[in-house]
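# What shape does this take:
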Amino acid sequence: MDRFESIAHAQPFTLTYRIEALDGSGRGWGKGADLVQPSASTRKVGIMMYALGAARAGRIDLSKKLTITAALQDGINSGTYQYMSPGTEYSLRDAIVNMIITSDNVSTQLVLMEVGGADKVTAWANGIGMTGTKLRGLVPNPTLPWDHAPNEVAVTCPADQALLLRRIVKGMTDEAEAKALGVASEECIKGLEIMSWQRLRGMIPFLLPSDTRIDNKTGRSRRGRSDVGVVWKDGKPLFAIAAYADWVPDTLPDGLPGQSGAYLSIAKLTRAAWEELG
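From the prediction side, this is the model:
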């Protein structure tokens, strides 16, 4: 059992992951990487890239002003715009940024409506090889029970998210790869830059040096915690990681909150990759 498997095996919940070196060595580790499960907000990396591609193609305008409404705020428990005054305006560009860096779900609804809905993003994701990914609706139903079926929410798998991250990184310098994603290299660079502004730093970044560049997007569902991202070292992307803790109990056997174990296990996976590849 390698050190990654040992971290996953020690948890009283399901921990799946895919870790891929980005140096061309082909090194990587995974467990349950093809297991389709709730995506939570990690789905938003794909939404962002699809939106940036739509802007590149002229189908949407990033400077367009969007309006917060009470209806959009109803039932939202992620991000900050649920607390803003209805009638507040901000740009589509800023909605995309807030969807990523604070996981704002008022913004997520607005972005999805502008790009044509979840089915459009799903078709794009499936078309680039993310065959286990399917978005459903604008935001998750906040009343879903803890043991809800995966098909009641958006789903993905670690392998899909690692593939997306790997292709975005490659697209930064390879225009053909960027074009295959529906963008140009400029959007690949911008997408990772937006992810580097992430405010939620409790998983992938937690056990890494504080000055490490990390482009990540967290996820939180009724029973799970997840994080996907690219970790850099010496100015270059070092590895991509996509990790999902599902079926996390409210309380662990030692009495600590379940989410603390999920956060720490994903942080430990990241630290192990950092030490193996750095």
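# now the helices: where do they sit in the stretch 1-150 of the chain?
Assigned helices in the stretch 1-150 of the chain, in chain order: 3-9, 44-56, 70-73, 92-101, 105-115, 118-127 (criterion: DSSP state H, counting those that start in this stretch).
# Now mean pLDDT and distance to Asn151 too, for those, in TSV please.
C-betas here are computed from N, CA, C, even on glycine. TSV is the format used below for these (pLDDT from 0 to 100; distance: least, CB to CB, whole Å):
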stretch	mean pLDDT	distance to Asn151
helix 3-9	95	24
helix 44-56	98	18
helix 70-73	97	25
helix 92-101	98	23
helix 105-115	98	19
helix 118-127	98	13
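# Which one of those helices lies nearest to Met195?
helix 92-101 (6.0 Å; CB to CB).
# on contacts alone, who are the packing partners of the closest one?
Under the contact definition 3 or more CB pairs under 8 Å, 6 or more residues apart in numbering; DSSP states H and E, helix 92-101 sits against helix 44-56, helix 105-115, helix 185-196.
# before we move on, back to that, right, and the helices of the stretch 1-150 of the chain - which one's nearest Arg167?
helix 44-56 (9.2 Å).
# so how far is Gln82 from Thr133?
When distance is defined by CB to CB, to the nearest Å, Thr133 is 26 Å away from Gln82.
# who has more neighbours, those two?
Summary of the neighbour comparison: Thr133 and Gln82, criterion other CB atoms under 10 Å, with Thr133 having more neighbours (26 against 16).
# quick revisit: columns distance to Thr16 on top of the helices and strands packed on helix 92-101, output as a markdown table?
As requested, those are arranged in a markdown table below (distance: least, CB to CB, whole Å):
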| stretch | distance to Thr16 |
| --- | --- |
| helix 44-56 | 17 |
| helix 105-115 | 24 |
| helix 185-196 | 21 |
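# follow-up on the earlier one: reformat the helices of the stretch 1-150 of the chain as JSON lines; add mean neighbour count.
As requested, the helices of the stretch 1-150 of the chain are arranged in JSON lines below (neighbours: other CB atoms under 10 Å):
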{"stretch": "helix 3-9", "mean neighbour count": "16"}
{"stretch": "helix 44-56", "mean neighbour count": "24"}
{"stretch": "helix 70-73", "mean neighbour count": "14"}
{"stretch": "helix 92-101", "mean neighbour count": "22"}
{"stretch": "helix 105-115", "mean neighbour count": "24"}
{"stretch": "helix 118-127", "mean neighbour count": "18"}
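# Just send these back as CSV, with distance to Lys190 too.
CSV is the format used below for the helices of the stretch 1-150 of the chain (distance: least, CB to CB, whole Å):
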stretch, distance to Lys190
helix 3-9, 31
helix 44-56, 7
helix 70-73, 25
helix 92-101, 10
helix 105-115, 15
helix 118-127, 17
